[in-house]
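S.K.: give me the fold of what follows.
(one chain, ligands or ions: 1)
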Amino acid sequence: MENSNISRRRMVGLLGALPVAGVVGAVTSKAEMLQAGARTVTPPQTEGPFYPRTKPADIDNNLILMGEGIERATGEQLELLGRVVDRHGNHISGAKVEIWHCDHLGVYHHVRLDDTQDEHFQGYGETRCDGEGKYRFLTVQPGLYPGRTRHIHFKVFAEGHRTLTSQLYFEQDMKANLRDGIYQGLTSAEKKAVTMQVNPVNDGKGRSGFFEIVVA
Ligand SMILES: [Fe+2]
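M.R.: Okay, here's the model as predicted:
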């Protein structure tokens, strides 16, 4: 499938700009923090009612194509790159990452809510981190639905670590994020840990962002 052939160059570039956030234990100064590679553990957040009751037939990491279909999901393409690490910054190979979010119209696909949903959008996808703890999804920017800021739900299963269920937010939506009841409940370090910056990609196909997930 298309997703297995996508270039890794962009991820390598983004890894170079990886932010380090948070303070753990006795590590206090920024220099010490960088040296120790300390990370703020990604805060758990509510799973919400839209985790798939039944996994769709197509559960790969390309959410913009359904199965062998050729028609793509509508919406601005989003390449979600990232890495799963522990609180010391050690990558976790083989961790399973799941994401689910609404389509560009703000409709979740775990149940057919109405006929207006984008039938070409997969709604849910999963992947495993490679030998460097890296993962990749190809999807669209989630739409909006009443009462929430834009977000992507995710779950991470990493051997020897607590299963993490949380949500990812977008830095460009910060005004709306700060009005969001769930986002508001986080400390500023936690907000930073679940907020991703996205940038236009060179080939003009939408945007790309890098999101590090830190498991406890
Ligand atoms: Fe949601």
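
S.K.: could you say which helix or strand holds the most centrally placed residue in the chain?
M.R.: The centroid of the chain falls nearest to Leu168 when counting by CA atoms, centre = their mean (5.4 Å). Per DSSP states H and E, Leu168 falls inside strand 164-170.

S.K.: what's the following helix or strand after that strand?
M.R.: Beyond strand 164-170 toward the C-terminal end (DSSP H and E), the next one is helix 174-179.

S.K.: one step back: test my guess that the residue nearest to the centre of the chain contacts Lys191.
M.R.: No - using CB atoms under 8 Å, Leu168 is not in contact with Lys191; the gap is 11.7 Å. Where C-beta positions appear, they are placed from N, C-alpha and C, glycine not excepted.

S.K.: my guess is Thr195 meets Gln167, correct?
M.R.: No - using CB under 8 Å, Thr195 is not in contact with Gln167, being 10.3 Å away.

S.K.: gap between the nearest residue to Ile64 once chain neighbours are set aside and Arg87?
M.R.: Using CB to CB, 6 or more residues apart in numbering and skipping the chain neighbours, the partner closest in space to Ile64 is Ala73 (4.3 Å). Per CB to CB, to the nearest Å, Ala73 is found 35 Å from Arg87.

S.K.: which residues of this protein fall in strands?
M.R.: 77-86, 96-100, 124-128, 134-140, 152-157, 164-170, 195-196, 198-200, 207-215 (DSSP state E).
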